[in-house]
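Novice: Any chance you could fold what I've pasted below:
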Amino acid sequence: MDNLRKQKTRMFASCNFILLTVSLITLLSTDGFAQQDSKSVEIKAMTYNIYSARKMGIDAIASVIKKADPDVVSLQEVERNTDVNPMDFPKKIAALTGMKYYYFAHALTLKKGDYGNVILSKYPLKETHSIHLGVADDGDDTRSFGYALIEKQGEQFYFATTHLGYKPEDATRLKQIGEILKEIKDIKQPIILGADLNSRPNSQTMPALQQYFSLPCQTSDCEWTVPTPKPTYTCDWLIFAPNQAFRVKDYSVLFWADKESDHYPVIGTFVLQ
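Specialist: Alright, predicted model coming up:
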């Protein structure tokens, strides 16, 4: 009888030990997952065709950016040291927004000053690149594509800016897309592109880009971005690659910014997977 009681006592102690061990493993595993989730890196990105700040000036554009509070911004139609903006526009808007890291992707040299796209960032630009984009035989303008390697919370990604051709036909845009895809085909890190793609309804712009990039929403469902204050179609985008590298947490058009430019800004939060 005593031996039986001893055996039961040992069995009970063993069961308790096993249950305690399983509980500790579960707790540690759950805590590990929680730590992983807490380390997820979110990138709040913005794209904005600012119409050279012709409507209300650089201070109004800076106010929109500050209110939106993104990590990175792609600006299109930026004039630097021109009659419209007689200053180093990228440098000044970086100062006004508190986004002290910036990069100007030159597209055109004007009679006075120059014109292109700008990347603004809250985080240091570890490296920068830009190329001029070609033109088909349609009289369009030379454009640029610029991109920068950025690190946030130990995770690296590229952020890019461009403004494709504006002619009704797709020839120049398709040529420029081919040049962009060739430029980035060998990069290793994920990339987000903020751009005015001049993607009119039923154009071939978006299908061509989707050879590489993913969209945050279906083209038919995305909110319209141009012109202000009564938009009729979408041509301003934040797109990304590869698809599995990001989860789109939110994506929207900032309709409250309806006076500062002829385009609405677009903002999205992308979670690095």
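Novice: Helices along this protein, start to end?
Specialist: Here the chain has its helices, by DSSP state H, at 2-38, 58-68, 89-97, 171-184, 205-209.
Novice: between these, which gets the lowest average pLDDT?
Specialist: Ranked by mean pLDDT, the helices of the chain bottom out at helix 2-38, with a mean of 47.
Novice: Tell me where the model's unsure across this protein.
Specialist: Scanning the chain for pLDDT under 70 picks out the ranges 1-39.
Novice: ok, residue 101 to residue 195 distance?
Specialist: Separation of residue 101 from residue 195 (C-beta to C-beta, to the nearest Å): 19 Å. For every residue, glycine as well, the C-beta is placed using N, CA and C.
Novice: what does residue 72 give?
Specialist: Distance, residue 72 to residue 195, by C-beta to C-beta: 13 Å.
Novice: swap in residue 152?
Specialist: Distance of residue 152 to residue 195, given as C-beta to C-beta: 21 Å.
Novice: Which one's more surrounded, these two?
Specialist: More crowded of residue 152 and residue 195, by other C-beta atoms under 10 Å: residue 195, with 26 against 18.
Novice: Next up, the contacts around that one.
Specialist: 47, 74, 76, 160, 161, 162, 163, 164, 236, 237, 239 (C-beta atoms under 8 Å, 6 or more residues apart in numbering).
Novice: give me the beta-bridge partners of it?
Specialist: residue 162, residue 237 (DSSP bridges).
Novice: Repeat that for residue 191.
Specialist: Here residue 191, judged by DSSP bridges, has bridge partners residue 158, residue 241.
Novice: ok, back up a step: among the contacts of residue 195, who's most crowded?
Specialist: For those, neighbours tallied by other C-beta under 10 Å; top is residue 74, 32 neighbours.
Novice: In this structure it contacts residue 160, no?
Specialist: Yes. Using C-beta atoms under 8 Å, residue 74 makes contact with residue 160 at a distance of 7.2 Å.
Novice: any shared contact partners between these two?
Specialist: 119, 193, 194, 195.
Novice: Residue 76 versus the nearest residue to the second one once chain neighbours are set aside, what's the distance?
Specialist: Think residue 193. Once flanking residues are discounted, residue 193 sits nearest to residue 160: 4.4 Å by C-beta to C-beta, 6 or more residues apart in numbering. Counting by C-beta to C-beta, the gap from residue 160 to residue 76 is 12 Å.
Novice: Good, we can wrap up now.
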